[in-house]
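Enquirer: fold the following and give me the result.
(chains A and B, ligands or ions: 2)
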Amino acid sequence: MLILIDTINNTTADSIFELISFAEMLAGTEQSRIRVIIAGENVADISRKAARFGHDVIALEHPDLRFPNPDFFADEAIRLVDEIKPRYVIIQHTMRGCQIASRISAAGGFPCITGVESFIHDGDSVVFCKSIINGKITVGLVPGGERAAFTVLPGAFRVPDITAGHRVPGQVLHRTPAGGPSHCRPLGIRESAGGEVRLEESDVIIAAGRGIGTKENLDLIRAVARLFPNAAVGASRTVVDQKWLPYAHQIGVTGRTVAPKLYMACGISGAQQHIAGMKGSQTVVAVNKDPHAAIFSIADYIIVEDLTVFLPLLIEKHAKKR
Amino acid sequence: MKILVCLKQVPDPEANIEIDSTRGWICESDGIAYRMNLYDEYALEEAVLIRESLGDASVDVISVGSERAAAVLKKGIEKGATNGIHIILDRDRYRSPGLIARLIADYARDRGYDLILAGVMAEDDMQCQVGPLIASYLGLPCAVSVVREKIGDNRSEIDVDCELEGGVNETLILPLPCLLTIQSGINRPRYPSLSNVLRAKEQALTMLSAGTVLSGQVETVVSICYPESAVKGTIIKGTPEQKAEKLLDILHEKSLL
Ligand SMILES: Cc1cc2nc3c(=O)[nH]c(=O)nc-3n(C[C@H](O)[C@H](O)[C@H](O)COP(=O)(O)OP(=O)(O)OC[C@H]3O[C@@H](n4cnc5c(N)ncnc54)[C@H](O)[C@@H]3O)c2cc1C
Ligand SMILES: Nc1ncnc2c1ncn2[C@@H]1O[C@H](COP(=O)(O)O)[C@@H](O)[C@H]1O
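Expert: Ligands and ions are numbered 1, 2, ... in the order given. I've put the predicted structure just below:
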């Protein structure tokens, strides 16, 4: 098996090593060699770190790989696949991860399954499960043929614990891409502007989704937030895209990651990209009028109700109680 | 400048979606509203904005799908597309992204598109593959999750910001022709203009049959279910008033209020 990892400025979050667990669990009792490919400009450090998990690492180094360069990385990965002939190629589920996985599968004519959350062995085949329709439905897919590429959902597997059990570090090999210069010129990265909202420091986050219907209904969300001593207003991407709230309020993979004591999701469907940013919350309350909303699968308290009816009642009853 | 935009018709995820286990996909019932994939709305708007700024561009929209999918192409014309191309398939079911991408790539090949836009993801199958696959089949450079683009003055390259995770964007320069997948929030999709609505009524779509496409090994759906078994939380029941009171009690108990 091949695990492909890209880096930004030669580093990556440790959570990337979740892919190693995925590969090891997939290998099961079968003797299957796992190799980790790390792409960057100079990735000696991170490669040594990766090798501690006990698998060989290929450090793929080139100046054009200092910032993510999915097409360029994929082209070299295609050559590696031809040489190594892995059973599976494993990548983290990000948009550029999907780009790399698609490109490799197109070149090799083998299937690609993106957003894998779990798998089960079923006789001789392995069934890979992923969400569809905003997390409302789960499908199990079996890839045909000798080879397949996957992108694995971040957080679905744990980073292997190297303190438990002895692992002999793997070897680190250095490799330079054989292809010509890259077509794409990555110029650099930039952090989106932060802003005034102190989401990370709030005990309570009242989050608004598209289900609030209109920008005016944000007042309702704000009013609920005011019931609590230290609460902030969060939002789904949809609300931010509509410009109802600035980007700094966005929670999810492409926004903030928060872990408050209470997260109250109002009119949020519970797409995996949103859940990625709030699943560490201690208590989750979800208010949604759709009983099948995916957010309910991670909620501690489920309220199937129209929020424009429910939230005003919540505010009113609270006022009476005081 | 010739631009091609991929439009997928998807079921509204808010509908009460039921599973058809024998077909391994969702039931097609009258209760489901079908509409344009959200991300494709942004892709189309971006193409129309490019045409408006360049003055001499055409925007074709293409969709692979059942007869019902013609509606999104009409909607595309209403929102400003020049022509609609419909590659007709039979009823909706799970389709390998490789198949869809191959059909679109085969159409686009040799037609001289300078820019192909797709959505970053389809809301129904959530593959995030069709865009990059089309690029691979056509040998085009590709950038995904684009949140800003600007075509160079000489029209030989395009400068884009791609969204990474956690609020980080990457700036890339790609040569044209190329393919971009568009992320939501890049623009504010417009409403159809009356003149385009009238034009969409009159204008015929180009209809093509999918024919037989060879596509190597694929993946097959073996199970489909609701993740409902995963519901571990407490469902708060009662009238809306009772629910509000119960929730307040719980929040008090937990010293959150
Ligand atoms: C690469 C990528 C990155 C992404 N990053 C993020 C991210 O960081 N954060 C993020 O949030 N999303 C992100 N998304 C988008 C994500 O996939 C979803 O589209 C988004 O989270 C949906 O937002 P929503 O739940 O507000 O809207 P919807 O999915 O439209 O859901 C609205 C919900 O409101 C409910 N509702 C409607 N009316 C009412 C009412 N009156 N009362 C109660 N409930 C009601 C509906 O039943 C529905 O469940 C990303 C997507 C991609 C492809
Ligand atoms: N059947 C289709 N017809 C036209 N475009 C499609 C189709 N399927 C996918 N696409 C395009 O590819 C994007 C990503 O889809 P997917 O790879 O299925 O997540 C969508 O946003 C569309 O732009």
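
Enquirer: pLDDT weak spots in the chain?
Expert: In the absence of a named chain, chain A is used. Applying pLDDT under 70 to chain A flags the ranges A:194-195.

Enquirer: I was thinking of chain B, sorry if that wasn't clear
Expert: Using pLDDT under 70, chain B drops low at B:213-216, B:228-230.

Enquirer: residue of it nearest ligand 1, please.
Expert: For chain B and ligand 1, the shortest gap (C-beta to the nearest ligand atom) falls at B:Met121, measuring 4.2 Å. In this view, the C-beta of every residue, glycine as well, is placed from N, C-alpha and C.

Enquirer: tell me who's in contact with that residue.
Expert: A:Met95, B:Tyr39, B:Gln127, B:Cys128 (C-beta atoms under 8 Å, 6 or more residues apart in numbering or on different chains).

Enquirer: restricted to strands, list these.
Expert: Within the contacts of B:Met121, no residue falls in strands by DSSP state E.

Enquirer: out of the residues you listed, which touch ligand 1?
Expert: Contacts with ligand 1 within these, as defined by C-beta under 6 Å from any ligand atom: A:Met95.

Enquirer: most neighbours, which of the contacts of B:Met121?
Expert: Greatest neighbour count in the contacts of B:Met121, by other C-beta atoms under 10 Å in any protein chain shown, goes to B:Cys128: 29 neighbours.

Enquirer: need the nearest residue in space to that residue, chain neighbours excluded.
Expert: A:Cys98 (3.9 Å; C-beta to C-beta, 6 or more residues apart in numbering or on different chains).

Enquirer: about what we covered before: which ones among the contacts of B:Met121 map onto helices?
Expert: When DSSP state H is applied, the contacts of B:Met121 are split such that A:Met95, B:Tyr39 fall in helices.

Enquirer: any chance of CSV for the contacts of B:Met121, columns distance to B:Lys246?
Expert: What follows is the contacts of B:Met121, written out as CSV (distance: C-beta to C-beta, whole Å):
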residue, distance to B:Lys246
A:Met95, 41
B:Tyr39, 38
B:Gln127, 41
B:Cys128, 40
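
Enquirer: looking at the contacts of B:Met121, spot the one nearest B:Leu198.
Expert: B:Tyr39 (27.3 Å; C-beta to C-beta).

Enquirer: identify the residues contacting the residue nearest to B:Cys128.
Expert: A:Ile91, A:Thr114, A:Thr151, B:Gln127, B:Cys128, B:Gln129, B:Pro132, B:Val144.

Enquirer: as CSV, those with distance to A:Ile120 would be great.
Expert: Compiled in CSV, the contacts of A:Cys98 are given as follows (distance: C-beta to C-beta, whole Å):
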residue, distance to A:Ile120
A:Ile91, 21
A:Thr114, 18
A:Thr151, 18
B:Gln127, 21
B:Cys128, 23
B:Gln129, 23
B:Pro132, 28
B:Val144, 30
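
Enquirer: burial of residue 169, as a residue count?
Expert: Chain wasn't specified; assuming chain A. For A:Pro169, the neighbour count with other C-beta under 10 Å is 16.

Enquirer: wait, I meant chain B there
Expert: 20.

Enquirer: can you give me the helices in the stretch 51-200 of chain A?
Expert: A:70-84, A:95-108 (DSSP state H, counting those that start in this stretch).

Enquirer: what's next to the longest one, contact-wise?
Expert: Taking C-beta under 8 Å, 6+ apart as the criterion, the residues outside helix A:70-84 that touch it are A:2, A:4, A:6, A:35, A:37, A:39, A:58, A:60, A:62, A:64-65, A:89, A:96, A:99-100, A:103-104, A:107-108, A:147, A:177-179, A:182-184, B:141-142, B:144.

Enquirer: how far off centre is that helix?
Expert: 23 Å (C-alpha atoms, centre = their mean, to the nearest Å).

Enquirer: also stretch A:74-94?
Expert: 20 Å.

Enquirer: how about that stretch and ligand 2, any contact?
Expert: No: Stretch A:74-94 is not in contact with ligand 2 by C-beta under 6 Å from any ligand atom; minimum separation 12.2 Å.

Enquirer: span of that stretch from start to end?
Expert: Start-to-end span of stretch A:74-94 (C-alpha to C-alpha, to the nearest Å) is 14 Å.

Enquirer: now do the buried residues in it.
Expert: Going by neighbour count (16 or more other C-beta atoms under 10 Å in any protein chain shown), the buried part of stretch A:74-94 is A:74-78, A:80-81, A:86, A:88-94.

Enquirer: counting neighbours, what do you get for B:Leu194?
Expert: There are 8 residues near B:Leu194, going by other C-beta under 10 Å.

Enquirer: how much space between it and B:Gly80?
Expert: Between B:Leu194 and B:Gly80 the computed distance is 12 Å (C-beta to C-beta, to the nearest Å).

Enquirer: same check on B:Gly152?
Expert: Using C-beta to C-beta, one gets 23 Å for the distance from B:Gly152 to B:Gly80.

Enquirer: and those two? which has more neighbours close in?
Expert: B:Gly80 (21 against 12).

Enquirer: Three-state assignment for the residue of the stretch 151-257 of chain B found nearest ligand 2, please.
Expert: Nearest residue of the stretch 151-257 of chain B to ligand 2: B:Thr181, at 6.6 Å (C-beta to the nearest ligand atom). Following DSSP: H, G, I helix; E, B strand; the rest coil, we place B:Thr181 in the strand state.
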